[in-house]
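Visitor: show me the folded form of this:
(one chain, ligands or ions: 1)
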Amino acid sequence: MELNKAVRERRSIRLFLPDPVPRDSITRLVDLARWAPSWGNTQPWEIVVADGEKARELTEAFEAEGKKGTPPRPDLSIPQEFPEVHQQRYTGLGRELLTFMGIARGDKQARLQHYLNMYRFFGAPAVIYLLIDGALNEPYSCLDIGSVGTTLAYAAVQEGLGTIYLAAAMHFPDIIRRVLNIPEGKKVVIGLAVGYPHPTAPASLFRSSRVPVEEILRFA
Ligand SMILES: Cc1cc2nc3c(=O)[nH]c(=O)nc-3n(C[C@H](O)[C@H](O)[C@H](O)COP(=O)(O)O)c2cc1C
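Guide: Okay, the predicted model is just below:
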């Protein structure tokens, strides 16, 4: 598959089929993604996959926290505020996504359900967790995590799989460490849900917008 096609076809999937992803497929994604660049070739990523029973155990525990309204307690702080221009893009995404999914602004029940679906990893049969050692410099290692994570996402397209980066999947890292036997000294940076996209649901067909090149590019 051409790079151009993989980049254009990748999008965040918010409804997966329940079919399991063969471990061979996930291994192939990681085999390709390990060629991503990293600072000084440190390759700080550690990759742990939750699938089958482990994925089910995690979703149940996360959903229970979501239903109780427990505030997230991630290893890495999640931004709550943005400068105006970024805030507009953020709220714009929420508005466009919910409209596309047919969820009315005032429909509190449907919005809550969407939020809880996030804690069910949108039905994905597996989550690829990207971890770093707690002794690493956090901002710099996170550049490398983004590098390998996005390469994984493109590799998934090539395998006929869909993904979504899910901050929600790392809201309760103590649960992740317990269920996936991850030592205390490791930080859970992000989770990428992976699976076969639902073929027709709006939640798996939605395409987010982008600002035009002229707005982000300047030759000095
Ligand atoms: C670090 C990171 C965390 C994200 N966390 C979530 C999340 O918790 N829930 C969600 O619905 N989307 C999440 N996303 C997906 C973004 O909303 C999505 O990438 C963005 O809207 C662009 O759309 P696209 O991926 O379809 O191109 C996350 C993306 C990134 C990069």
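
Visitor: low pLDDT regions in the chain?
Guide: For the chain, applying pLDDT under 70 flags the ranges 1.

Visitor: just the helices from it, written as ranges.
Guide: Assigned by DSSP state H, the helices in the chain fall at 3-9, 23-33, 52-68, 84-100, 108-119, 138-158, 173-179, 202-205, 213-216.

Visitor: how about those helices in TSV, adding mean neighbour count and distance to Ile128?
Guide: Quick note: C-beta positions are derived from backbone N, CA and C, even for glycine. TSV is the format used below for those (neighbours: other C-beta atoms under 10 Å; distance: least, C-beta to C-beta, whole Å):
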stretch	mean neighbour count	distance to Ile128
helix 3-9	11	17
helix 23-33	16	7
helix 52-68	16	11
helix 84-100	12	22
helix 108-119	15	16
helix 138-158	19	6
helix 173-179	18	12
helix 202-205	18	18
helix 213-216	8	29
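
Visitor: could the ones you listed go into a markdown table alongside distance to Lys186?
Guide: Putting the helices of the chain into a markdown table (distance: least, C-beta to C-beta, whole Å) gives the following:
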| stretch | distance to Lys186 |
| --- | --- |
| helix 3-9 | 30 |
| helix 23-33 | 17 |
| helix 52-68 | 16 |
| helix 84-100 | 29 |
| helix 108-119 | 22 |
| helix 138-158 | 12 |
| helix 173-179 | 7 |
| helix 202-205 | 31 |
| helix 213-216 | 34 |
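
Visitor: how about these, which one is nearest Val194?
Guide: Counting by C-beta to C-beta, Val194 lies closest to helix 138-158 out of the helices of the chain; the figure is 5.9 Å.

Visitor: check whether the closest one contacts the ligand.
Guide: No. Judged by C-beta under 6 Å from any ligand atom, helix 138-158 stays clear of the ligand, getting no closer than 7.4 Å.

Visitor: from here on, call the first residue 504.
Guide: Done: numbering now begins at 504, and the last item shifts to helix 641-661.

Visitor: what's the angle from that helix to helix 526-536?
Guide: Interaxial angle, helix 641-661 versus helix 526-536 (axes from the mean of the first three to the mean of the last three C-alpha atoms, to 10 degrees): 130 degrees.

Visitor: same for helix 641-661, what does it pack against?
Guide: Packing contacts for helix 641-661, counted by 3 or more C-beta pairs under 8 Å, 6 or more residues apart in numbering; DSSP states H and E, involve helix 506-512, helix 526-536, strand 629-636, strand 665-669, strand 689-698.

Visitor: quick one: contacts of the shortest one?
Guide: Translated: strand 665-669. Strand 665-669 is touched from outside by 513-517, 519, 621, 624-625, 627, 630-631, 652, 655-656, 659, 693-700, 707, with contacts defined as C-beta atoms under 8 Å, 6 or more residues apart in numbering.
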